[in-house]
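Asker: kindly generate the corresponding structure for this input.
(chains A and B)
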Amino acid sequence: MADASYPEDLLYHPEHDWARIDGDVATLGVTWYAQDALGEVVFFDPPEVGKNITKDEPYAEVESVKAVSDVVAPLSGEIVEVNTGLSDNPETINEDAYGSGWLVKIRMSDPSERDGLMGQSEYVATLTS
Amino acid sequence: MADPLLRTPLHDRHVAAGAKVVPFAGWEMPVQYTGVLEEHRTVRESVGVFDVSHMGEVETTGPGALDFLQRVLSNDVSRIAVGGAQYSLLCKEDGGVLDDLFTYRLGPERYLTVTNAANHPKDLAWLQQQAERFDCEVTDRAQDHAMLAVQGPLARETVQVMSDRPLPAKFKAEPRLVLGREVLVCGTGYTGEDGVELLTRPEDAGVIWDELMRRGAKPIGLAARDTLRLEVCFHLYGNDLMESRGPIEAGLGWACKEDTGFIGAEAVRAVREAGPQEKLVPFVMTAGGLARQGNPVVGGGEVTSGTMGPSLGVGIGMAYVPAEKATPGTPFEIDVRGKTRPAEVHTKPLYSKETP
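Answerer: Numbers count the residues shown, from 1 in each chain, chains lettered A, B, ... in the order given. Just a heads-up that it's a prediction; the model follows:
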């Protein structure tokens, strides 16, 4: 993705993750800032469906040529789906971070956790401060 | 306070080209421009230019220059003709590797040795200390050179049109006028592609860089330099070579001629005759994932270099493994941050033009 973008309809975690909430299911991914800092993603190691993840703790790894980075969970819950397309095309995380580059979907265990996340303008302010 | 980082004469050009600039071995160096995968492909398919001005140079001159270099370098320096180049190792008495180097013979009693940036001060001190008993001068020339590596299938024709005479062949190094500037053109590189390395005066590097860009060469960062060299199994000092390991286990016995009596020859000979305990092997990941430097090999050994091989599309690397497990085709496992991932010993190089 050439230009920075941060959709208004997402919730953001300070570790540069986003969450899109639909009922009790949340789709998770990494932000433009995260994929830009990481560089071209060459490997995504997804967690297993059924695994429970915990807010603020790493739940997956993304790797660029130079480095491996933990992906931190913005919300807690059970993984109900992983983006299997990323195993063959991990660069989708760079190309479409908020769309086809999503990482996992979880069934939230504590929907009130969303209140601890940031909106778009608040998150963007953390990037420029 | 840490010393301020050094900048190459091309620093402003890197910034203007949008490079991500990072600290590396005491220098501010461009790690990537447009993206490591694209830059890697450019060198495999057309022509790229690396600013490697951070590398050091040491000049040895005088009647005793050959005898001295024969004593400190592992290879047979007497085999380098004027205009020739040779790879060798700088070893300690115990055979441990202090650095790996290219030496160019500039004249009958004049040699230029290129050092790794991080090792340059250590190498210089070692060489000057060893030179005391020889009739030669060892001079630090790092400040007198910029270095551009022009690499890729179109590298030679791109540089040729800028040169006054035909370029030196592979493993030759001769002075040429490039854009009218005196340049030592070396038929060497670190990518597995054809190409040349240009040792220029610092003040001449900019115009040569600009003309290479104008002729279609693309700037390539250190990240792609690492993936390119690893695909063809060239050693990186600090990863695959170190003071605590010797040349034989690193697979560099071909660069050691013990009969020359170099410092460390007896230790190297002993390992060669007895066989090393561990050997450095290239590997590919056979079920996905990437291994990284420092990951343990299950059953003994460790990964010294590991990343994605962009031309191969799989995780690749080099690892020290027990000698009995070093045969190509041997499966083994790597502990990647607690997850066991399968790999297989591969033949050298991992990538070649002939590989489909």
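Asker: ok, B:Pro108 touching B:Val82?
Answerer: Yes: under the criterion of CB atoms under 8 Å, B:Pro108 makes contact with B:Val82 at 6.3 Å. For glycine as for every other residue, the C-beta is placed from the backbone atoms N, C-alpha and C.
Asker: which one's more surrounded, these two?
Answerer: For B:Pro108 and B:Val82, the more surrounded residue by other CB atoms under 10 Å in any protein chain shown is B:Val82, and the numbers stand at 14 against 10.
Asker: the nearest residue to the more buried one once chain neighbours are set aside - how many residues pack around it?
Answerer: Using CB to CB, 6 or more residues apart in numbering or on different chains and skipping residues adjacent in sequence, the residue nearest B:Val82 is B:Arg105, 5.3 Å away. Neighbour count of B:Arg105, defined by other CB under 10 Å: 24.
Asker: now do B:Ser305
Answerer: By other CB under 10 Å, 23 other residues sit near B:Ser305.
Asker: just the element for the residue of chain A found nearest chain B, please.
Answerer: Distances between chain A and chain B by CB to the nearest CB are smallest at A:Val42, namely 4.1 Å. If you go by DSSP states H and E, A:Val42 is part of strand A:41-45.
Asker: which residues of the stretch 1-150 of chain B lie near chain A?
Answerer: Applying CB under 8 Å from any CB of the partner chain, we find that the stretch 1-150 of chain B lies next to chain A at B:Val31, B:Gln32, B:Gly35, B:Val36, B:Leu37.
Asker: tell me the contacts of residue 65?
Answerer: In the absence of a named chain, chain A is used. A:Gly39, A:Glu40, A:Val42, B:Val36, B:Leu37, B:Ala223, B:Asp226, B:Thr227, B:Thr307, B:Met308, B:Pro310 (CB atoms under 8 Å, 6 or more residues apart in numbering or on different chains).
Asker: I was after chain B.
Answerer: Counting by CB under 8 Å, 6+ apart, B:Ala65 touches B:Glu109, B:Arg110, B:Tyr111, B:Phe134, B:Cys136.
Asker: swap in B:Gln86?
Answerer: Here B:Gln86 is in contact with B:Asn75, B:Val77, B:Arg79, B:Ile80, B:Phe102, B:Thr103, B:Phe171 (CB under 8 Å, 6+ apart).
Asker: are any of those residues buried, and which?
Answerer: Buried residues within the contacts of B:Gln86, counting neighbours by 16 or more other CB atoms under 10 Å in any protein chain shown: B:Asn75, B:Val77, B:Ile80, B:Phe102, B:Thr103, B:Phe171.
Asker: interface residues of the stretch 251-356 of chain B facing chain A?
Answerer: For the stretch 251-356 of chain B, the residues in contact with chain A (CB under 8 Å from any CB) are B:Gly288, B:Gly289, B:Leu290, B:Arg292, B:Thr307, B:Met308, B:Pro310, B:Gly315, B:Arg337, B:Lys339.
Asker: for ChimeraX, what selects the buried ones among those?
Answerer: Filtering these down to the buried ones (16+ other CB under 10 Å) takes a single ChimeraX command:
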select /B:289,290,292,307,308,310,315
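Asker: got CSV for the residues of the stretch 251-356 of chain B next to chain A, with secondary structure, distance to B:Asp144 and pLDDT too?
Answerer: As requested, those are exported to CSV (DSSP: H, G, I helix; E, B strand; the rest coil; distance: CB to CB, whole Å; pLDDT from 0 to 100):
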residue, secondary structure, distance to B:Asp144, pLDDT
B:Gly288, coil, 48, 91
B:Gly289, coil, 45, 94
B:Leu290, coil, 40, 96
B:Arg292, coil, 37, 97
B:Thr307, strand, 34, 96
B:Met308, strand, 37, 96
B:Pro310, coil, 35, 96
B:Gly315, strand, 41, 97
B:Arg337, coil, 44, 94
B:Lys339, strand, 49, 94
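Asker: which one of the residues of the stretch 251-356 of chain B next to chain A is nearest to chain A?
Answerer: Chain A lies nearest to B:Met308 out of these, by CB to the nearest CB, at 4.1 Å.
Asker: contacts only, for the closest residue in space to B:Gly152 that isn't next to it in sequence.
Answerer: Of all residues not flanking B:Gly152 in the chain, B:Val47 sits nearest, at 3.9 Å (CB to CB, 6+ apart). B:Val47 sits next to B:Val150, B:Gln151, B:Gly152, B:Pro153, B:Leu154, B:Ala155, B:Thr158, B:Gly195, B:Gly216, B:Ala217, B:Lys218 when contact means CB under 8 Å, 6+ apart.
Asker: one more: A:Arg20?
Answerer: A:Arg20 sits in contact with A:Asp9, A:Leu10, A:Leu11, A:Ala26, A:Thr27, A:Trp102, where contact means CB under 8 Å, 6+ apart.
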